[in-house]
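> what follows is a predicted structure for the sequence shown.
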Amino acid sequence: MPSPHRFVLTILLAEIRASIRDTRLSTRLWVTVGGGVLAAYALGILIVGAIHRADTLRDAAWVWFAAVPGTMLASGAGLGWFLGRLAIERAHAPFTKAQPVDAALRRSAARLAAHALGAPLSVLDGGIVLLFALLVDRPLAILWWLAATALSGAAFLVTVRVRVNRSPAASRRGDDTAGHETAPSRAIALLDRRRPAWVGSWAWALPAGRPRLTPARLLGGATLALVGTGAVVTSFVRQTASAGVVVGLLGGLGLFMLTVRFRPLQSPVLRASTLRFGRAWLALMRLPLAFSAAFFALTAIPAYAAEPAAWQAPVAGALGLLLLNAVYAVFAAFFAAAPKLAALAFVAALALAAYESLEYGRTVLLGLVALLVFLWFRIRRSYRHG
């Protein structure tokens, strides 16, 4: 049996290589688009705001005994869940199948790999609190740094253990479809058989175009159904279309963000074909757009029935949903290998544009449009030339 330490080193090296590969496009964004300047500008706004409100923030008990600990726990748990998932997937990667290593050693190695990668990030979490404490001249700043690091690290360790001890999806991949073919889902086949055929199922990694009903998907569907039903009932009770339209807009956007995937744009098979970039981009949006529009229609149409005079609201909501989906699709195609990073960049860009528009007016949105155009041409060029 190979040395556990050597196996851990193999996982670490694979993890680092995967991280570099997955963040290659994000590095292009921050370097070539000037995203680093935008991030520094946003950080400067937060620093200046903290300095101007130093007296209030220094003495606000809820900030130091509720907001800061809660943020550290949430940050540590998020990092632990992300790195734990990556580590356990690498522990069951195909290149390790030939090694005589049992499941217990794989889990132990994955935990150690995740801890080694996450320890500096927990210290960085505490460093942010230290910087904040120094900016507002909070007493005992070093103790706050140590406490914040301890909270983030504790949440990280617990979450990594929980995530690694779960049955990894990588070890079950393909087991339920081996040896036989299943009929595709009618709803998916109706939309996904159009040319280029089955590209949406490819993006979702659906065997034979048939989705798997996992507990997470069932819970997400039940949550959407509950929220949508609540919005429709609220619209009829209050005789207003706003509730259904707003929930339909936010829910449709969230559903689109959760389901759209552009990883096939990086596939040599697709890039070497004669398929144009615009058509491939639209084809990968086809299924997510259909589900997003269906959720919006199921909430907006009853909302219109509750207040027929306010027909402008559903129309504006539909146009807004289409626009937001298109904007996110640009970010998601640029960060094709990292959907979570795409969502973070999308939310950050919209938040910064909205914040600056309060001070400088709607002309700030032209900067967002310019960024989207630039990203579009970079994605199109990368699709053909790598």
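That came through, no problem.
> would you point out which residue is most central in this protein?
K340 (2.3 Å; C-alpha atoms, centre = their mean).
> out of everything not next to it in sequence, what's closest to it?
Distance criterion C-beta to C-beta, 6 or more residues apart in numbering; nearest residue to K340, sequence neighbours excluded, is F82 at 7.6 Å. C-beta coordinates here come from the backbone N, C-alpha and C atoms, glycine included.
> send the alpha carbons of the host helix or strand of that neighbour over as CSV?
Using DSSP states H and E, F82 sits in helix 68-91. Output in CSV follows, covering the C-alpha atoms of helix 68-91 (Å, rounded to 0.1, in the frame of the first residue of the first chain):
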residue,chain,number,x,y,z
VAL,A,68,-18.4,39.7,12.9
PRO,A,69,-18.7,36.2,14.5
GLY,A,70,-21.6,35.3,12.2
THR,A,71,-19.6,36.4,9.1
MET,A,72,-16.6,34.4,10.2
LEU,A,73,-18.7,31.3,10.8
ALA,A,74,-20.4,31.6,7.5
SER,A,75,-17.1,32.3,5.6
GLY,A,76,-15.3,29.4,7.3
ALA,A,77,-18.2,27.0,6.6
GLY,A,78,-18.4,28.1,2.9
LEU,A,79,-14.7,27.6,2.4
GLY,A,80,-14.8,24.2,4.2
TRP,A,81,-17.7,23.0,2.0
PHE,A,82,-16.0,24.1,-1.2
LEU,A,83,-12.6,22.7,-0.4
GLY,A,84,-14.0,19.6,1.1
ARG,A,85,-16.0,18.8,-2.0
LEU,A,86,-13.0,19.4,-4.2
ALA,A,87,-10.7,17.3,-2.0
ILE,A,88,-13.1,14.3,-1.8
GLU,A,89,-13.6,14.4,-5.6
ARG,A,90,-9.9,14.3,-6.1
ALA,A,91,-9.6,11.5,-3.6
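> give me the mean pLDDT for it.
Averaged over helix 68-91, pLDDT sits at 86.
> what is it packed up against?
For helix 68-91, the packing partners by 3 or more C-beta pairs under 8 Å, 6 or more residues apart in numbering; DSSP states H and E come out as helix 4-22, helix 103-135, helix 141-165, helix 169-172.
> flag every buried residue along that helix.
For helix 68-91, the neighbour count (16 or more other C-beta atoms under 10 Å) marks 68-69, 71-73, 75-77, 79-91 as buried.
> angle of it against helix 103-135?
150 degrees (axes from the mean of the first three to the mean of the last three C-alpha atoms, to 10 degrees).
> for L287, give me its contacts.
Applying C-beta atoms under 8 Å, 6 or more residues apart in numbering, one finds that L287 lies in contact with I188, L191, D192, G200, W204, T259.
> just want to check the distance between V245 and A310.
From V245 across to A310, the span is 9 Å (C-beta to C-beta, to the nearest Å).
> looking at these two, which one has more neighbours?
V245 (28 against 17; other C-beta atoms under 10 Å).
> just checking, the more buried one touches P314?
Yes. Counting by C-beta atoms under 8 Å, P314 is a contact partner of V245 at 5.7 Å.
> shared neighbours of those two, which are they?
Common neighbours of V245 and P314 (criterion: C-beta under 8 Å, 6+ apart): A300, A303.
> for the closest residue to R217 other than its chain neighbours, which three-state class applies?
Spatial nearest neighbour of R217, chain neighbours left out: P211 (7.4 Å); criterion: C-beta to C-beta, 6+ apart. Look at P211: counting by DSSP: H, G, I helix; E, B strand; the rest coil, its state is coil.
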